[in-house]
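**Q** Got a predicted model here, sequence first, then my questions.
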Amino acid sequence: MRKRPPDRRPTISRDIEAYDAMGNKFKLTITIGFNEGKACEVFFNDRGKTGTAFNQVMLETGIWISQVLQGEDPYG
């Protein structure tokens, strides 16, 4: 069962050096919540140009990881 994080929660943001074939860099943001101090959301920001395959894959990957961290079965 999915456990929704509170609206206000601490975050950790780190720039990571990752690039696609076009040289697009992205930023990773991890959200900590649930009073247990565990990661509950992942965001990939600065994913390149809107509409590109890289942008879409990174967006969907962040959503999928967040769903798993919150206890949801993304395939169920």
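**A** Good, I have the coordinates. Just so it is clear, the structure is predicted and the values come from calculations on it, not from any experiment.

**Q** give the contact list for residue 39.
**A** The contact partners of residue 39, by Cβ atoms under 8 Å, 6 or more residues apart in numbering, come to 30-32, 69. Backbone N, C-alpha and C define where each C-beta goes, glycine included.

**Q** got any ranges where the chain has weak pLDDT?
**A** For the chain, the stretches with pLDDT under 70 are 13-17, 20, 34-36, 76.

**Q** Now do the strands in it.
**A** 11-19, 25-33, 38-45 (DSSP state E).

**Q** Taking strand 25-33 as reference, get the angle to the last one.
**A** Think strand 38-45. 150 degrees (axes from the mean of the first three to the mean of the last three Cα atoms, to 10 degrees).

**Q** Starting from strand 38-45, tell me which strands it pairs with and how they run.
**A** Strand 38-45 pairs in its sheet with strand 25-33 (antiparallel), by DSSP bridges.

**Q** chain center to the partner strand, what's the gap?
**A** 6 Å (Cα atoms, centre = their mean, to the nearest Å).

**Q** Any chance you could list what contacts it?
**A** 5-6, 9-19, 38-48, 58.

**Q** which of those residues count as buried?
**A** Neighbour counting with 16 or more other Cβ atoms under 10 Å marks 5, 39-44, 47-48, 58 as buried within the contacts of strand 25-33.

**Q** of all the residues you listed, which two lie farthest apart?
**A** 5 and 48 (26.5 Å; Cβ to Cβ).

**Q** just to revisit the earlier point, show me the two of the contacts of residue 39 that sit farthest apart.
**A** Pairwise over the contacts of residue 39, using Cβ to Cβ, the maximum falls at 32 and 69, 10.4 Å.
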